[in-house]
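In: Next input, structure requested:
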Amino acid sequence: MPLDFTPLLESWQFLLGGLAETLGLSALTIVFSLVLGGAIGLARCYGPTWLRLPLVFYVDSMRSIPVLVVLVWTYFALPIVTGVTLPPFWAATVALTAHISAYVAEIIRAGVTSVRPGQSRAAFALGMSRARAIRVIILPQALVRMLPAFGSIFSIAIKDTAIAAVIAVPEYMNRSQTVAGQSFHPIEVFIMAMIVYFAILLPVTRGIDMVYARFGYLGRS
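Out: The predicted structure is shown next:
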């Protein structure tokens, strides 16, 4: 049976709106995850001892629970527990951020601890405070080392937005399912979905690889 992409041409504006929703959800998830995961990762490395146990529990819990469970719990169970009902878009943002942040925290922790202790001792010997040593000596080296892992995390964050279709977030996959159901051309619709996600993810991953290839030497010590 020949492929017919006519339904895609007829619904391009509808699908484009879903793509904008996907990009917005991806961007918010990545930004919030970097902030929250960075704070957790640094707190595990330099925070008080009493704080590390609950942070370890959070990280291990989020990495052990499927993101779909986190998403469904945030949208359906959170209002029952807290009385706060989030719109689907923001429920997806909260759930994806909570999930991805755990992985970001581990990347941060691994990157920071990979810098040799002698770097910190040398900074202290020069009279630097702990905060300045972290900011000027440790983090610049660690961040370069984290770039390849961040490329994978960004890809996962973008792909995981497709799961938001479960709670009716009108992102690209949700709208693709709608077009596929109405047009009875699911093969063509989902071929295009694969192409769209590939077109989004390839520049992200290749771009980070190019940056790492250019600046990777700064992370060597």
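In: the helices in this protein, which residues?
Out: In the chain, the helices defined using DSSP state H lie at 6-10, 12-46, 49-64, 67-72, 78-82, 88-114, 117-125, 130-133, 139-160, 172-183, 186-215.
In: and the ones you listed, which is most packed in?
Out: helix 88-114 (a mean of 22; mean count of other CB atoms under 10 Å). To be clear about C-beta, it is placed using only N, CA and C from the backbone, and glycine gets the same treatment.
In: average model confidence for it?
Out: The pLDDT scores in helix 88-114 average 94.
In: so how far is that helix from its chain's centroid?
Out: Distance, stretch centre to chain centre, for helix 88-114: 6 Å (CA atoms, centre = their mean, to the nearest Å).
In: again with stretch 74-86
Out: On CA atoms, centre = their mean, the centre of stretch 74-86 falls 22 Å from that of its chain.
In: if we can go back for a sec, which one of the helices of the chain lies nearest to V166?
Out: Proximity to V166, assessed across the helices of the chain by CB to CB, is greatest for helix 67-72 (6.4 Å).
In: Lowest mean pLDDT among the helices and strands, pick that one out for this structure.
Out: Lowest on mean pLDDT, DSSP states H and E among the helices and strands of the chain sits helix 117-125, with a mean of 80.
In: other SSEs contacting it?
Out: helix 130-133 (3 or more CB pairs under 8 Å, 6 or more residues apart in numbering; DSSP states H and E).
In: Give the other helices and strands that the helix it packs on contacts.
Out: Secondary structure elements in contact with helix 130-133, counted by 3+ CB pairs under 8 Å, 6+ apart, are helix 117-125.
In: got the contact list for the helix it packs on?
Out: The contact list for helix 117-125, computed with CB atoms under 8 Å, 6 or more residues apart in numbering, reads R130, R132, A133, V136, I137, I138, Q141, S221.
In: Please look at I138 and V115 and confirm they touch.
Out: Yes: under the criterion of CB atoms under 8 Å, I138 makes contact with V115 at 5.2 Å.
In: Identify the residue spatially nearest to F89, adjacent ones excluded.
Out: V169 (5.5 Å; CB to CB, 6 or more residues apart in numbering).
In: what about I138 and V115, which has more around it?
Out: Ranked by neighbour count (other CB atoms under 10 Å), I138 and V115 place I138 first, with 23 against 19.
In: which intervals of this protein have sub-threshold pLDDT?
Out: For the chain, applying pLDDT under 70 flags the ranges 1, 218-221.
In: Against E171, how distant is the residue most central in space within it?
Out: For the chain, A157 is the residue whose C-alpha lies nearest the centre (CA atoms, centre = their mean; 3.5 Å). Look at A157 and E171: by CB to CB, to the nearest Å, they are 13 Å apart.
In: do P2 as well
Out: Computed as CB to CB, the P2 to E171 distance reads 29 Å.
In: same thing with V179?
Out: For V179 relative to E171 (CB to CB), the value is 13 Å.
In: Could you do R121 as well?
Out: Applying CB to CB, the value for R121 to E171 is 49 Å.
In: now G47
Out: Distance from G47 to E171, counting by CB to CB: 35 Å.
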